[in-house]
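Asks: Just to be clear, the model below is a prediction. Sequence and coordinates:
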Amino acid sequence: MRIKQSVCYPIMKTPKMSFDELFEAAAKIGYAAVEMWGRGDDYEEVVALAKKNGLVMASMCGHGGALNNRAEHESILAQLRESIDLAAEHGIPGVICFSGNRLPHIDELQAIEATADGLRAAAPYAEKKGVNLNIELLNSKVDHPGYQCDHTAWGVAVCQRVGSPRAKLLYDIYHMQIMEGDVIRTIRQNIRYIGHFHTAGNPDRRDMDDDQELNYRGICRAIAGTGYEYYVGHEFKPKGDPIEAMRTTFALCNGE
């Protein structure tokens, strides 16, 4: 069994490259999907061109704001319902959710409970529409100072409290290598909570080559061995030509 690979198009598309050119190249290489972070004016065009090239949209951002802040829950819930509708309409399996940064007036357990309550309010609608709520694990050491959902155990605690099969994690391998390491064991132990993966080489979020410390061939083999059904999305900054970087990365993670 091999993983289904995706590319985050905002980080791969150069100013001179059209969406159609990028997506056509991705499909020829063997990618199953592309994904977006936000939802700008070009959203409908991107979705249409992905489908034209036989690609699935693997993931999209679900909301702004911080789930650990109860004062933002009403706004976040409205955003999530809209995002879930769009995801269901276009066959996108999951939307990205965020804990927000640590707040001075609440402790870790209170923040976990608040985040879980926010997701729990959206979970019935996500279940009805068949869309996952993927709370993203980010590092707070280098790239996102103060971000709260910065360890796998924190995110799993949230998912367990939500108690919905649609409450999952976006396990970003780059971020979790920085925060905790032990990537393969952690993935195997928590795969039932993972609804999406992101990749990048560490340090510097560059290509998965010999200048970085993660063994992506082994990691992707381990993910495939769990029976994982969703997508592994590549979110690194290519050092050189993005199409060639996409080709090399696909082969590596495909075990070639």
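Replies: Noted; the coordinates are in hand.

Asks: Quick one: name whatever helix or strand follows the helix or strand hosting residue 219.
Replies: Using DSSP states H and E, residue 219 sits within helix 216-225. Downstream of helix 216-225, the first helix or strand assigned by DSSP H and E is strand 231-234.

Asks: Paired strands for that following strand, with orientation please.
Replies: Sheet partners assigned to strand 231-234 using DSSP bridges are listed as strand 4-8 (parallel), strand 194-199 (parallel).

Asks: Which positions in it come out as buried?
Replies: 231-234 (16 or more other C-beta atoms under 10 Å). All C-beta spots, glycine's among them, are computed from the backbone N, C-alpha and C.

Asks: that's a helix at residue 133, yeah?
Replies: No: checked against DSSP: H, G, I helix; E, B strand; the rest coil, residue 133 lies outside a helix; its state is strand.

Asks: so how far is residue 239 from it?
Replies: To residue 239, residue 133 is 34 Å away according to C-beta to C-beta, to the nearest Å.

Asks: Of all the helix elements in this protein, which one is longest?
Replies: Across the chain, the helix with the greatest residue count (assigned by DSSP state H) is helix 108-129.

Asks: what's it packed up against?
Replies: Counting contacts by 3 or more C-beta pairs under 8 Å, 6 or more residues apart in numbering; DSSP states H and E, helix 108-129 is packed against helix 73-90, strand 132-136, helix 152-162, strand 167-172.

Asks: chain center to it, what's the gap?
Replies: How far helix 108-129 lies from its chain's middle: 18 Å, per C-alpha atoms, centre = their mean, to the nearest Å.

Asks: Can you check what angle separates that helix from strand 167-172?
Replies: On the basis of axes from the mean of the first three to the mean of the last three C-alpha atoms, to 10 degrees, helix 108-129 is oriented at 110 degrees to strand 167-172.

Asks: number of nearby residues for residue 30?
Replies: Here the count is done by other C-beta atoms under 10 Å, and residue 30 has 14 residues near it.

Asks: Next: residue 64.
Replies: For residue 64, the neighbour count with other C-beta under 10 Å is 12.

Asks: same deal with the one 3 residues further on?
Replies: Around residue 67 sit 28 other residues, with neighbours defined as other C-beta under 10 Å.

Asks: how about it, what does it touch?
Replies: Counting by C-beta atoms under 8 Å, 6 or more residues apart in numbering, residue 67 touches 73, 76, 97-100, 114-115, 118-119, 135.

Asks: which among these end up buried?
Replies: The neighbour-count test (16+ other C-beta under 10 Å) marks 73, 76, 97-100, 114-115, 118-119, 135 as buried among the contacts of residue 67.

Asks: surely residue 72 meets residue 66?
Replies: Yes: Residue 72 is in contact with residue 66 according to C-beta atoms under 8 Å; the separation is 5.7 Å.

Asks: what's the overlap in contacts for those two?
Replies: residue 100.

Asks: ok, now how distant is the spatially most central residue of the chain from residue 203?
Replies: Nearest to the geometric centre of the chain sits residue 170, at 4.4 Å (C-alpha atoms, centre = their mean). For residue 170, the distance to residue 203 (C-beta to C-beta) stands at 21 Å.

Asks: who's in contact with residue 11?
Replies: 235-238 are the contacts of residue 11 under C-beta under 8 Å, 6+ apart.

Asks: again with residue 81
Replies: Residues in contact with residue 81 (C-beta under 8 Å, 6+ apart) are 122, 125.

Asks: I'd like to know how far it sits from residue 184.
Replies: Distance, residue 81 to residue 184, using C-beta to C-beta: 36 Å.

Asks: how about the host helix or strand of residue 249: buried residues?
Replies: Using DSSP H and E, residue 249 falls within helix 242-253. Buried residues in helix 242-253, defined by neighbour count with 16+ other C-beta under 10 Å: 242-243, 245-250, 252-253.
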